[in-house]
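1. my questions are about this predicted structure, shown below with the sequence.
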Amino acid sequence: MEISFLSILALGFVLGIKHAIEPDHVIAVSTIASQSKKLWRSSLSGVFWGIGHTATLLIVCLILIFMKGEIPEKWAMSLEFLVGIMLVYLGITTILSLKNIHLHQHKHDGEEHKQAHEYEGQHKHNHQLKNVSYFKSMLIGLVHGLAGSGAMVLLTMSTANSAWEGAIYILIFGAGTVIGMLFFTTIIGIPFVFSAKKLSLNKILTQIIGVISTVFGFYYMYNLGVTEGLFKLWIQ
């Protein structure tokens, strides 16, 4: 393997880390991290996002490289538009999830305590819900991978001389996104973990994440549809 290609791989790793912290990526995974009460679970949500993102990029990009084709601009922008829809959905569901929480008081050893519970048998199905959140993180990564596959094909074809070099580059890039998202979901998860026992503060933080995701999602769709002309491309 040539030294020049090793340098390209190193650059790909750094670009992967940078790619992970793009606003739409961080906001989307934040909606998952906000539901976690353990820091390691927040961190794992970032890892599963990276796995889904890398898997999609690898499959789609290699198919297009072998076929020596590329995603038409209209379809590439449509996949980006799908990210906006997903952000709005994640934001709204994050806000609505707060309605499933109620606060009741009980007495223990003569003192009054407050305790938060969730409906629909969270305690009974806690392990199942954790699995669902990780699967959800992977789906989010999958959608982001689809949306970024067009640009990734162009980047890979400009740096790799063969399909196997392209595959290695995408995997290294993917490793960078996993590490980058692992780091940032850990940071994002800290305030939610520390506020887990302070219901009112935790709800405020969760609402903020939900609103940010919803507003940014609408802005993302507007920017693509109107500013960048996606709607005109479909009308033509």
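-> Looks like it came in fine.

2. going forward, measure contacts and count neighbours with C-alpha atoms only.
-> Fine.

3. in space, not sequence, find me the middle residue of this structure.
-> Nearest to the geometric centre of the chain sits Val29, at 4.0 Å (CA atoms, centre = their mean).

4. what is the helix or strand hosting that one packed up against?
-> Using DSSP states H and E, Val29 maps to helix 23-33. Under the contact criterion of 3 or more CA pairs under 8 Å, 6 or more residues apart in numbering; DSSP states H and E, helix 23-33 touches helix 39-67, helix 73-97, helix 126-159, helix 163-194, helix 199-222.

5. tell me the angle of it relative to helix 73-97?
-> 30 degrees (axes from the mean of the first three to the mean of the last three CA atoms, to 10 degrees).

6. which residues sit against helix 23-33?
-> Helix 23-33 is contacted from outside by 20, 41-43, 45-46, 49, 83, 87, 90-91, 94, 133, 136-137, 140, 144, 181, 184-185, 188-189, 192, 206, 209-210, 212-213, 216, using CA atoms under 8 Å, 6 or more residues apart in numbering.

7. so for stretch 20-31, mean pLDDT?
-> The average pLDDT for stretch 20-31 rounds to 92.

8. and that stretch, how far out from the chain's middle?
-> Centre-to-centre, stretch 20-31 and its host chain are 5 Å apart (CA atoms, centre = their mean, to the nearest Å).

9. can you offset everything so residue one is 405?
-> Sounds good: first residue 405 from here, last item stretch 424-435.

10. mind listing what's buried along that stretch?
-> Going by neighbour count (16 or more other CA atoms under 10 Å), the buried part of stretch 424-435 is 424-425, 428-435.

11. then stretch 614-632?
-> 614-618, 620-621, 624-626, 628-629.

12. same thing with stretch 456-470?
-> 456-462, 464-466, 469.

13. can you add pLDDT and give these back as JSON lines?
-> Shown next, in JSON lines, are the buried residues of stretch 456-470 (pLDDT from 0 to 100):
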{"residue": "Gly456", "pLDDT": "95"}
{"residue": "His457", "pLDDT": "95"}
{"residue": "Thr458", "pLDDT": "94"}
{"residue": "Ala459", "pLDDT": "94"}
{"residue": "Thr460", "pLDDT": "94"}
{"residue": "Leu461", "pLDDT": "92"}
{"residue": "Leu462", "pLDDT": "91"}
{"residue": "Val464", "pLDDT": "89"}
{"residue": "Cys465", "pLDDT": "86"}
{"residue": "Leu466", "pLDDT": "85"}
{"residue": "Ile469", "pLDDT": "80"}
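
14. nearest to Lys602, of those residues?
-> The closest of those to Lys602 turns out to be Gly456 (CA to CA; 32.7 Å).

15. I'd guessed that closest one sits against Leu550; true?
-> No: contact criterion CA atoms under 8 Å: Gly456 and Leu550 do not qualify, at 9.9 Å.

16. hmm, back to that, sort out which one of the buried residues of stretch 456-470 lies nearest Phe635 for me.
-> Val464 (24.6 Å).

17. show the contacting residues for the closest residue to the closest one other than its chain neighbours.
-> Closest residue to Val464 apart from its sequence neighbours, by CA to CA, 6 or more residues apart in numbering: Ser553 at 6.7 Å. Counting by CA under 8 Å, 6+ apart, Ser553 touches 460-461, 464-465.

18. any chance of the residues you listed in TSV, plus distance to Ala567?
-> Converted to TSV, the contacts of Ser553 look like this (distance: CA to CA, whole Å):
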residue	distance to Ala567
Thr460	16
Leu461	14
Val464	12
Cys465	10
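
19. coming back round to it: tell me how far the helix holding Val433 lies from the chain's centre.
-> For helix 427-437, the distance to the chain centre is 5 Å (CA atoms, centre = their mean).
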